[in-house]
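# Pasted the sequence and its predicted model underneath.
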Amino acid sequence: MDQELIELRRELARVERGRGRRYPEQLRVRVTQWTHVQRQRGASWQAIGRRLKIAAESLRRWTMADMQREPALVPVEVVADADDEAAGPGQQLRVVTRGGHRIEGLSLADVVELVRVLG
């Protein structure tokens, strides 16, 4: 058993539980961070809940709430296709959205306007 889990279980055991009772914010943050790592390693909400002796739904809610506070911006990598390099300065661009929409045959000015309008 990892040391962080042992310490978390010890601190969680000291907290008075029951309806309407809240865990200290600092403890919730530590639990959420540990839970996030466990989820990345493939552990289920139920397995994590059993290990911490906390309801899986509480862990899921806390973790999701924490994730929503993170910035919504994600890094983007622009990769040129082999065809793009041959097209030269008048090349046509394409935009693919996270939702799967694909718009092809755009000029750079079209892409700028599209991004401006869509925000």
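All right, it came through fine.
# quick one, domains of this protein?
Domain assignment for the chain, taken from automatic domain parsing, gives 3-69, 82-118.
# Quick one: mean pLDDT over the longest one.
Confidence for domain 3-69, expressed as mean pLDDT, is 86.
# just how off-centre is it within its chain?
How far domain 3-69 lies from its chain's middle: 17 Å, per C-alpha atoms, centre = their mean, to the nearest Å.
# same question, the last one
With C-alpha atoms, centre = their mean as the basis, the distance from the averaged C-alpha position of domain 82-118 to the chain average is 27 Å.
# returning to what we had before: tell me which of the domains of the chain sits nearest to Pro75.
domain 82-118 (13.5 Å; C-beta to C-beta). For the C-beta atoms, the positions are set from N, CA and C on the backbone; glycine is no exception.
# Against Thr63, how distant is Arg19?
21 Å (C-beta to C-beta, to the nearest Å).
# circling back: which of the domains of the chain sits most buried?
The highest mean neighbour count among those, using mean count of other C-beta atoms under 10 Å, belongs to domain 3-69: a mean of 13.
# Using the three-state scheme, assign Ile103.
When classified by DSSP: H, G, I helix; E, B strand; the rest coil, Ile103 comes out as strand.
# Name whatever forms a beta bridge with it.
Val95 (DSSP bridges).
# List the contacts of it.
Listed by C-beta atoms under 8 Å, 6 or more residues apart in numbering, the contact partners of Ile103 are 94-96, 114.
# could you measure Arg98 against Arg19, distance?
From Arg98 to Arg19 the distance is 39 Å (C-beta to C-beta).
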